[in-house]
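> No sequence on hand, only this structure:
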């Protein structure tokens, strides 16, 4: 039940989207250091009503054997931000692009459903003598509830793994 509702919410499903109402990014100190630090999720709600981000499911690739479901349960104010600390979950295993990029000594900076240039995927998007950025992409399903009317919204979209490396000059 959603906030005391007595009936099940309506459900809306959309095809893969380039632009959704909820923008989010995962960060972890564990990606750059040998620590057991958890994940931090920062979310921005572009909608004019409060929402609850229910879950994010990362779909497995052909090499992987399954999906990873992350239960979020985070209320985000209308046109506002919210964040949440989550126990560490390995989001990096079982994907050829991610495995290859990590072997080449890139550092994962964030995992998010937005990019500065959405037409650029699996490409080096900045390459200078001192700094490079690379992105891998994965399909996900995002579920949230519009708390104004208890409408359940589910999107299939992309998440980008943003890597960077610095070269010694």
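Now that the structure is in, tell me what you want to look at. If you're wondering where the values come from, they're calculated on a predicted model, not measured in any experiment.
> was I right about residue 49 contacting residue 151?
No. Under the criterion of C-beta atoms under 8 Å, residue 49 is not in contact with residue 151, lying 9.6 Å apart. C-beta coordinates here come from the backbone N, C-alpha and C atoms, glycine included.
> which stretches of the protein aren't confidently modelled?
1-19, 32-36, 61-65, 115-132, 166-169 (pLDDT under 70).
> Helices along this structure, start to end?
Along the chain, counting by DSSP state H, helices occupy 96-103.
> would you list every one of the strands in it?
For the chain, the strands defined by DSSP state E cover 11-17, 22-27, 39-45, 51-58, 68-76, 81-86, 107-112, 124-127, 131-146, 151-166.
> Can I get those in a markdown table including mean neighbour count?
A markdown table is the format used below for those (neighbours: other C-beta atoms under 10 Å):
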| stretch | mean neighbour count |
| --- | --- |
| strand 11-17 | 11 |
| strand 22-27 | 20 |
| strand 39-45 | 19 |
| strand 51-58 | 20 |
| strand 68-76 | 17 |
| strand 81-86 | 14 |
| strand 107-112 | 18 |
| strand 124-127 | 12 |
| strand 131-146 | 19 |
| strand 151-166 | 18 |
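> Which of those sits closest to residue 96?
strand 131-146 (8.8 Å; C-beta to C-beta).
> list the contacts for residue 141?
With contact taken as C-beta atoms under 8 Å, 6 or more residues apart in numbering, residue 141 is in contact with 56-57, 59, 154-157.
> give me that answer again for 10 Å
Counting by C-beta atoms under 10 Å, 6 or more residues apart in numbering, residue 141 makes contact with 13, 16, 55-59, 67, 69, 154-157.
> What is the nearest of those to residue 100?
Using C-beta to C-beta, the contacts of residue 141 come closest to residue 100 at residue 58, 17.7 Å.
> Many thanks, I have nothing further to ask.
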